[in-house]
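> sharing a model prediction with you, sequence too.
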Amino acid sequence: MKRIAGSFALVLATTAGVHADWEAGVQAFQQGNYTQAIEELQEVTSENPEWADGHWMLGSAQLKAGRTSDAVSSLRRAYDLDPSTKMQFALGQAYVAVGQYADGASILAKMDTSVLSAEQRGTHAQLLAKALAESGQTDRAVVELAKAAEAKPDDAAVQYQYGVAALNAGDTDAAVRALTRAAELDASSDVLRALAKARIRQGRESQGESKLAAYRQATQTASRLVAAEASYDNVVLLGEAQLGARQYSEAAATFQRAAGLNSRDWLAQYYLGQAYTATGEYTRAEPALRRALDLTSASADQVKIWGQLGFVYEKQRSWDQAKTAYGRAGNQAAIQRVATNQETAEHNQEVEQYNKTIEELEAEREELERELGRLPGVGAQDDDEDDEPPRRR
């Protein structure tokens, strides 16, 4: 069977000299003069209303000219006259272009892709994936994009589209592979941002050394991203990766930088508090978390911040403040833990004070004995205790 790549040439060969309007229309199309092509080809279809290729060529010119509704009508007519793979492909493209995604998915899914080249299979998979995704069939869309990525391994756009779709679908490892390939082909900010997010998620889903390795790779990617585009969101992304990679001091500096770029967003302050908590700098963590509270009114965000504040207060043995913070976070288990630790600490403090008092009393007793030992005659009397008593004369 012939491939679609040769269809246009075949049409030209079999219709050469048939009609002057056709030849003029094809020439205008090839030169990119789509307005003239449409005018010429309308004459062709008017004189040859049952000729499928005439409607196909007219619809193709209309699609190029952005006249998508007209293109759908012309290509639908071509398909009705000749329901071939070539006509299906063109009509599917038109449906997607005009936003009729369900129709596009239906017509493209029927195609026999075995007659397509690898490049065309990739394009078909992209179109079908878009139609499926926009019509709510996201799982099938990811499958089609996987096919496109396999057919077009050197197409950065396809690898990026598949990587993002896989990430949204929860297939993190596949997303990392596709986005890594996309970054090798085109390290644009969009690609690096998506790859950094994928590697951060991979870190969250991993354990042990694999977890740390994923976060370190995320840090490298995010550093490249910030070097190219130092926006607030990108700097925050770098800080997230550094936190996961246990680069806490670097993360604190990064979130301070982010806060300088946007002083009205709570997230940088919250993460800054986390970084200081990780380094044990609780007195610096507290004001950052308090600032985060001031900057957000979303209850879910505030719950997270109160939880972190509770931990900071607990580590500082500010028991009452810790219980209040955990209460705001709705963490009853943490409140109970703090109460138990408080009782233990107070008991230990009492025991420590008691032991200290005993030590002080013992020291006082020893000092008193030493003072008594220094009184006049006390030592001499003690020395004569074994002497024979004096005799009477």
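Thanks, I have it.
> mind checking how far A175 is from T85?
Counting by Cβ to Cβ, to the nearest Å, the gap from A175 to T85 is 32 Å. No exception for glycine: its C-beta is placed from N, CA and C like everyone else's.
> so these two - more neighbours on which side?
Neighbour count, other Cβ atoms under 10 Å: between A175 and T85, A175 has more, with 25 against 21.
> tell me the SS of the closest residue to A187 other than its chain neighbours?
Nearest non-adjacent residue to A187, counting by Cβ to Cβ, 6 or more residues apart in numbering: R224, 6.9 Å away. For R224, the assignment made with DSSP: H, G, I helix; E, B strand; the rest coil gives helix.
> pLDDT score for R224?
Among the per-residue scores, R224 holds a pLDDT of 97.
> also N355?
On the pLDDT scale, N355 is placed at 62.
> for Q342, same thing?
At Q342, pLDDT is 85.
> same check on the one 4 residues further on?
Predicted confidence (pLDDT) at E346: the value is 71.
> picking that back up, hang on, the residue nearest to A187 packs against V191?
No. Using Cβ atoms under 8 Å, R224 makes no contact with V191, being 10.2 Å away.
> these two: which is more packed in?
Taking neighbours as other Cβ under 10 Å, R224 and V191 compare with V191 leading, 25 against 17.
> next up, the contacts around the nearest residue to E240 once chain neighbours are set aside.
Once flanking residues are discounted, E240 sits nearest to I200: 5.9 Å by Cβ to Cβ, 6+ apart. By Cβ atoms under 8 Å, 6 or more residues apart in numbering, the contact set of I200 is 214-215, 218, 237, 240-241, 244.
> how about JSON lines for those, with neighbour count and secondary structure added?
Shown next, in JSON lines, are those (neighbours: other Cβ atoms under 10 Å; DSSP: H, G, I helix; E, B strand; the rest coil):
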{"residue": "A214", "neighbour count": "24", "secondary structure": "helix"}
{"residue": "Y215", "neighbour count": "24", "secondary structure": "helix"}
{"residue": "A218", "neighbour count": "27", "secondary structure": "helix"}
{"residue": "L237", "neighbour count": "24", "secondary structure": "helix"}
{"residue": "E240", "neighbour count": "25", "secondary structure": "helix"}
{"residue": "A241", "neighbour count": "29", "secondary structure": "helix"}
{"residue": "G244", "neighbour count": "22", "secondary structure": "helix"}
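> now for those residues, which pair is the farthest apart?
Comparing all pairs in the contacts of I200 by Cβ to Cβ, the longest separation belongs to A214 and L237, at 14.3 Å.
> got the domain boundaries for this protein?
Per the record, the chain has its domains at 1-117, 153-242, 298-356, by automatic domain parsing.
> out of these, the one nearest R284 is which?
Minimum separation from R284 across the domains of the chain (Cβ to Cβ) falls at domain 298-356, 9.8 Å.
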